[in-house]
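**Q** just to be clear, the model below is a prediction. Sequence and coordinates:
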Amino acid sequence: MNATSPSYLKHHFLIAMPHMADPNFAQALIYLVEHNRDGAMGLIVNRPSGLNLADILEQLRPDQPGDASSQQLTTFSGGPVQTDRGFVLHPADAQFQATLDLGPLGVTTSQDVLFAIADGYGPKQHFIALGYAGWEPGQLEAELAENAWLSCPAQPEILFDLPYGQRLNAAAASLGVDLKLLSSQVGHA
């Protein structure tokens, strides 16, 4: 019997297959912040929340008026778990009070990164999300085995340089896949 060690997908994109029935994840592109034997955690990177940075800052520092540039910075719905909790993905060379190094990227959960972005000295490349997606141990592996997701190495240029509406198809294209040509029916050969 062959014993294989699990293949973890930290710093990968998960691409929802067309037959994804869960409305939380239909047509979602997820950046996996963590994936190990204890489970997985990721951020949906192509679903705007309807809020901008100025809306968030109004709650965090109500005595300071927001500026026009903060109103232009979209925040995203990172997933259905803890939707009141914020996460900022940015290049790893930027460090803040609560930054976790993910290799080429960092994720920060402290407010100082939001203030730095709003005040013009934060990381130029950033992605702001409220909430996250989480999987219990073995859950993501089961979903992958059921063909619910495709995965590919994450590419920061897809995350930071493309409009959110193009990210899902660009990630799939990096695998040579056109999602429009895939069937919404599930099956195994």
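**A** Thanks, I have the structure now.
**Q** make it CA atoms for all contacts and neighbour counts henceforth
**A** Will do.
**Q** which non-adjacent residue is nearest residue 151?
**A** residue 14 (4.6 Å; CA to CA, 6 or more residues apart in numbering).
**Q** around the one you found, how many other residues sit close by?
**A** 26 (other CA atoms under 10 Å).
**Q** and residue 44, by the same measure?
**A** 27.
**Q** begin at 347 from now on, thanks
**A** All right, first residue 347 from here; so that's residue 390.
**Q** now do the contacts for it.
**A** Contacts here follow CA atoms under 8 Å, 6 or more residues apart in numbering; on that basis residue 390 touches 374, 375, 376, 377, 422, 423, 424, 425, 478, 479.
**Q** using JSON lines, lay out the residues you listed together with neighbour count.
**A** What follows is the contacts of residue 390, written out as JSON lines (neighbours: other CA atoms under 10 Å):
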{"residue": "374", "neighbour count": "24"}
{"residue": "375", "neighbour count": "29"}
{"residue": "376", "neighbour count": "29"}
{"residue": "377", "neighbour count": "29"}
{"residue": "422", "neighbour count": "24"}
{"residue": "423", "neighbour count": "24"}
{"residue": "424", "neighbour count": "28"}
{"residue": "425", "neighbour count": "24"}
{"residue": "478", "neighbour count": "23"}
{"residue": "479", "neighbour count": "22"}
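**Q** which SS class is the residue nearest to residue 497?
**A** Per DSSP: H, G, I helix; E, B strand; the rest coil, the secondary structure class of residue 360 is strand.
**Q** so residue 475 makes contact with residue 389?
**A** Yes: between residue 475 and residue 389 there is a contact under CA atoms under 8 Å: 7.3 Å.
**Q** where along the protein do the strands fall?
**A** 358-362, 375-382, 385-390, 394-398, 420-423, 427-437, 445-447, 451-454, 473-481, 495-499 (DSSP state E).
**Q** can you list these in JSON lines and add mean pLDDT and distance to residue 518?
**A** As requested, these are exported to JSON lines (pLDDT from 0 to 100; distance: least, CA to CA, whole Å):
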{"stretch": "strand 358-362", "mean pLDDT": "97", "distance to residue 518": "7"}
{"stretch": "strand 375-382", "mean pLDDT": "97", "distance to residue 518": "9"}
{"stretch": "strand 385-390", "mean pLDDT": "97", "distance to residue 518": "15"}
{"stretch": "strand 394-398", "mean pLDDT": "93", "distance to residue 518": "20"}
{"stretch": "strand 420-423", "mean pLDDT": "95", "distance to residue 518": "20"}
{"stretch": "strand 427-437", "mean pLDDT": "95", "distance to residue 518": "21"}
{"stretch": "strand 445-447", "mean pLDDT": "92", "distance to residue 518": "26"}
{"stretch": "strand 451-454", "mean pLDDT": "95", "distance to residue 518": "21"}
{"stretch": "strand 473-481", "mean pLDDT": "97", "distance to residue 518": "20"}
{"stretch": "strand 495-499", "mean pLDDT": "96", "distance to residue 518": "8"}
